[in-house]
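*Asks:* okay, predicted coordinates and the sequence, questions at the end:
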Amino acid sequence: MSTSTDAAPDRLSGLLDEHAALETELADPAVHTDTARARRLGRRYAQLAPLVETARALDAARDDLAAARELAAEDPSFAEEARGLETLIEELTDRLREQLLPKDPDDDKDVILEIKAGEGGAESALFAGDLLRMYLRYAERRGWSTEVLDAVPAELGGYKDVSIAVKSRTDEGIWSRLKFEGGVHRVQRVPVTESQGRIHTSAVGVLVLPEAEEVDVTVDPNDLRIDVFRSSGPGGQSVNTTDSAVRITHLPTGIVVSSQNEKSQLQNRESALRVLRSRLLAAAREEAAATASDQRRSQVRTVDRSERVRTYNFPESRISDHRVGFKAHNLDAVLDGELDPVIDALTRAHTAELLAAGS
């Protein structure tokens, strides 16, 4: 393919070559005996497909324009077709420039999403439950699978803390869609416990991590302290008669993760290790390059009402994302999983920032 563009022609050529090489690899039956490798290659192939499609369309449009200009020199009726092709080429060139922007290395990964109640007591825990349902419904709409890794219920309902894994059943990268959800989510509504009808403001923290594969992070067993304890439900009521819950402390970093959602100690240990690997991967990426942590800087540090990224106002049925000025008055639909409009707005803003930085 002879496509070139003002936006990084060498990068484009390299990506087109990579796509062709991946196509050859994926056609080899031997590759598919290694499921993890085949999935990794398939995801990368799918990630490059839109760029290849745009490049091919741009090549075709340029060829058509050259032909239309030649014909227009003899027959003026072809001039309008040439002008239409010029417009199309401008649109395709802009699209290709966006697609050539440096990609987040985690865009094609699955995610681990943690929701933590903050200021607001019982109301915050209840809203943590609402956010959990919102993300579960959004995942269902997108055809993703979900798994609750750990959950600490609150006495009056909702959750003090809950962690879920979100996985794609296809080659679609989940991190690319959910990475901007991290931060403090604020809710304004009249709590069920409020007798005077006053609106209260509460906060819930959301942390989104790309799920690390074992090849991404090596965890030395000697660096771990593993404690077991008895799982408990609201109010400390025992829901297990054995010490099946697991708490893992990563001694070099001090990171602590726990899991008590599964019935067996072995399953809880594996769930906790999944979260630990993802946290270690995120920490390593942030330490290695400050630019790679830009999208994480807005995530939860202290779950208070001041570091908000989004507000859910129930009296006005309004959702507001404060990073991009997005507002909509369909709160019920959003909490039922209609998140694409706000995520699309965040993605467009991020792309615009990258384009501005590169111009």
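*Replies:* Noted; the coordinates are in hand.
*Asks:* show me what the lowest-mean-pLDDT helix or strand in the chain is packed against.
*Replies:* Least confident helix or strand, the chain: helix 265-288 with a mean of 82, by mean pLDDT, DSSP states H and E. Using 3 or more C-beta pairs under 8 Å, 6 or more residues apart in numbering; DSSP states H and E, the elements in contact with helix 265-288 are strand 111-117, strand 144-153, strand 200-210, strand 245-250, strand 255-259. Yep, even glycine has a C-beta here, placed from its N, CA and C like the rest.
*Asks:* so which of the ones you listed is nearest Gly14?
*Replies:* strand 200-210 (23.8 Å; C-beta to C-beta).
*Asks:* helices or strands next to the closest one in the packing?
*Replies:* Applying 3+ C-beta pairs under 8 Å, 6+ apart, one finds that strand 200-210 contacts strand 111-117, helix 122-142, helix 175-178, strand 183-189, helix 265-288.
*Asks:* identify the residues contacting the first one?
*Replies:* Contacts of strand 111-117 from elsewhere in the structure, counted by C-beta atoms under 8 Å, 6 or more residues apart in numbering, are 124-125, 127-128, 131-132, 135, 149, 154, 158-166, 174-175, 178-179, 181, 204-211, 274-275, 278, 300, 303.
*Asks:* again, but for the third one
*Replies:* Helix 175-178 is contacted from outside by 104, 106-111, 113, 135, 142, 166, 208, 210, 343, 347, using C-beta under 8 Å, 6+ apart.
*Asks:* pLDDT on that helix, on average?
*Replies:* What helix 175-178 shows for mean pLDDT is 92.
*Asks:* let's number from 118 now, not from 1
*Replies:* That works, and once the first residue is 118, the last one we named lands at helix 292-295.
*Asks:* residues of it that come out buried?
*Replies:* For helix 292-295, a neighbour-count test (16 or more other C-beta atoms under 10 Å) marks 292-295 as buried.
*Asks:* what does stretch 220-238 give?
*Replies:* Using 16+ other C-beta under 10 Å as the test for burial, stretch 220-238 gives 221, 223, 225-237.
*Asks:* likewise stretch 155-166?
*Replies:* By neighbour count on 16+ other C-beta under 10 Å, the buried set for stretch 155-166 is 155-156, 158-162, 164-165.
*Asks:* turn those residues into JSON lines, including pLDDT, distance to Ala399 and secondary structure.
*Replies:* Formatted as JSON lines, these follow (pLDDT from 0 to 100; distance: C-beta to C-beta, whole Å; DSSP: H, G, I helix; E, B strand; the rest coil):
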{"residue": "Ala155", "pLDDT": "89", "distance to Ala399": "26", "secondary structure": "helix"}
{"residue": "Arg156", "pLDDT": "83", "distance to Ala399": "21", "secondary structure": "helix"}
{"residue": "Leu158", "pLDDT": "89", "distance to Ala399": "24", "secondary structure": "helix"}
{"residue": "Gly159", "pLDDT": "88", "distance to Ala399": "24", "secondary structure": "helix"}
{"residue": "Arg160", "pLDDT": "81", "distance to Ala399": "19", "secondary structure": "helix"}
{"residue": "Arg161", "pLDDT": "85", "distance to Ala399": "21", "secondary structure": "helix"}
{"residue": "Tyr162", "pLDDT": "90", "distance to Ala399": "26", "secondary structure": "helix"}
{"residue": "Gln164", "pLDDT": "82", "distance to Ala399": "20", "secondary structure": "helix"}
{"residue": "Leu165", "pLDDT": "89", "distance to Ala399": "25", "secondary structure": "helix"}
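*Asks:* how near is Leu390 to Asp457?
*Replies:* According to C-beta to C-beta, to the nearest Å, Leu390 and Asp457 sit 32 Å apart.
*Asks:* these two: which is more packed in?
*Replies:* In this view Leu390 and Asp457 are compared by other C-beta atoms under 10 Å, and Leu390 has more residues nearby, 20 against 14.
*Asks:* show me the contacts for that one.
*Replies:* Per C-beta under 8 Å, 6+ apart, neighbours of Leu390: 336, 365.
*Asks:* same thing with Val451?
*Replies:* Applying C-beta under 8 Å, 6+ apart to Val451 gives the contacts 251, 429, 436, 445, 459.
*Asks:* mind checking pLDDT for the residue located most distally from the centre of the chain?
*Replies:* Here the chain reaches farthest from its C-alpha mean at Glu191, the gap being 53.8 Å by C-alpha atoms, centre = their mean. The model reports Glu191 with a pLDDT of 87.
*Asks:* still on that earlier bit, okay, the buried residues of helix 292-295 in TSV with distance to Val363 next?
*Replies:* Formatted as TSV, the buried residues of helix 292-295 follow (distance: C-beta to C-beta, whole Å):
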residue	distance to Val363
Trp292	26
Ser293	31
Arg294	30
Leu295	26
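*Asks:* from these, which is closest to Ala196?
*Replies:* For the buried residues of helix 292-295, the residue nearest Ala196 by C-beta to C-beta is Ser293; the value is 41.6 Å.
*Asks:* sorry, back to before: pipe the helices and strands packed on helix 382-405 into TSV and attach mean pLDDT and distance to Ala450 per row.
*Replies:* As requested, these are exported to TSV (pLDDT from 0 to 100; distance: least, C-beta to C-beta, whole Å):
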stretch	mean pLDDT	distance to Ala450
strand 228-234	93	20
strand 261-270	91	19
strand 317-327	91	19
strand 362-367	89	37
strand 372-376	88	33
